[in-house]
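[1] below are the sequence and a predicted model; questions follow.
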Amino acid sequence: MTIGIIGAGVMGETLLAGLLRAGMPPADLLIAERREDRGAELAAKYGVEILDNASVASRAETIVLLVKPQDMAAVLGEISPTLKQGALVISIAAGITTKYLESLLPSGTHVVRAMPNTPALFDQAMTAISPGSTCTDAHLKTAEDLLKSVGKVMQLPEKYQDAVTAISGSGPAYIYYVGEAMIEAGVMLGLPRDLATEMVQQTVFGAATMLKDSGLHPTVLREQVTSPGGTTVAALRVFDDFKVRAAFLSAMEAARDRSRELGS
């Protein structure tokens, strides 16, 4: 199967590198990139062929769209005349629905909506995929196998995709935001910045590992650290005073709503 990737930004290159690490021959990958210097860089680095959007669509059985939501209509207009009959199109764009994609693509094109996140750079992505109206289990399996090259994949109904964007799509930024604040707090409390950074990195990594591998609910894990009258409960009380939990809920609602706006 020939796979075309349209849009070779950070996520596009990440997927390209992941597919190559998974054993896909460079000859089976076609890349569309508007910037000539960027295309030359990718061709030299990975040994792949760089083409325009329409040429990629004419040669690939599966197309992965990694373009901004506001550019999606223009890109679909470019690829629709040359798209292979029965092609599979995988869209990675916040808010863009399968119904919208199907309305601008030729009849018989199969569509999957996907939302990964940036830990794909280290093959640790969380990606959710949802089928369009004509997708079969075989099409979903193709999309899943492709995206598994950069991490974990789950299938879910499309009605959850805006929430997915808010939770896992944008989620790494929330963790980095907390990490940044913890490092600044360490510096404020007198730690050298390099020591504070290393401590926070390992603390976040260790906590994430326990959250993933222990099988315990986050509440149980938090309570295990929270001794009555101790330092942790004193810190958590301040979080509650500042309504940090409510702020997280409101922030993720805002991210979900923005995803919906982008789709409209």
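    Yep, it's here.
[2] residue 175 and residue 72, how far apart?
    Applying C-beta to C-beta, to the nearest Å, the value for residue 175 to residue 72 is 28 Å. Glycine gets a C-beta too; all of them are placed from N, C-alpha and C.
[3] more neighbours, the two?
    residue 72 (20 against 13; other C-beta atoms under 10 Å).
[4] the more buried one contacts residue 96, correct?
    Yes. With contact defined as C-beta atoms under 8 Å, residue 72 counts as touching residue 96 (5.4 Å).
[5] buried ones in the strand or helix carrying residue 181?
    In the assignment (DSSP states H and E), residue 181 maps to helix 171-188. When neighbours are counted by 16 or more other C-beta atoms under 10 Å, the buried residues of helix 171-188 are found to be 171, 182-183, 186.
[6] so which residues of this structure form helices?
    10-21, 36-46, 53-59, 72-79, 98-104, 137-147, 161-164, 171-188, 193-213, 218-225, 231-241, 244-263 (DSSP state H).
[7] what helices or strands is the last one leaning on?
    Judged by 3 or more C-beta pairs under 8 Å, 6 or more residues apart in numbering; DSSP states H and E, helix 244-263 is in contact with helix 161-164.
[8] can I get the helix it packs on in CSV, CA atoms only?
    Extracted in CSV, the C-alpha atoms of helix 161-164 (Å, rounded to 0.1, in the frame of the first residue of the first chain):
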residue,chain,number,x,y,z
GLN,A,161,-13.8,13.6,19.2
ASP,A,162,-14.1,17.2,20.4
ALA,A,163,-13.7,16.0,24.0
VAL,A,164,-10.7,13.9,22.9
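[9] before we move on, the earlier item: okay, the helices of the chain in CSV with mean pLDDT and distance to residue 120 next?
    Formatted as CSV, the helices of the chain follow (pLDDT from 0 to 100; distance: least, C-beta to C-beta, whole Å):
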stretch, mean pLDDT, distance to residue 120
helix 10-21, 93, 5
helix 36-46, 92, 16
helix 53-59, 95, 21
helix 72-79, 95, 20
helix 98-104, 95, 21
helix 137-147, 95, 9
helix 161-164, 96, 15
helix 171-188, 97, 10
helix 193-213, 97, 16
helix 218-225, 97, 24
helix 231-241, 97, 30
helix 244-263, 94, 19
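[10] tell me the domain boundaries of this protein?
    3-161, 171-263 (automatic domain parsing).
[11] highest average neighbour count across those domains?
    Mean neighbour count (mean count of other C-beta atoms under 10 Å) peaks for domain 3-161 among the domains of the chain, with a mean of 18.
[12] return the distance of that domain from the chain's centre.
    12 Å (C-alpha atoms, centre = their mean, to the nearest Å).
[13] re the thing from before, ok, the buried residues of helix 171-188 vs residue 141, which is closest?
    Closest approach to residue 141 among the buried residues of helix 171-188 (C-beta to C-beta): residue 171, at 25.8 Å.
[14] and the residue with the largest distance to the centre of the chain, what pLDDT?
    Residue farthest from the centre of the chain, counting by C-alpha atoms, centre = their mean, is residue 229 at 40.3 Å. As predicted, residue 229 sits at a pLDDT of 95.
[15] with that, I have no additional questions.
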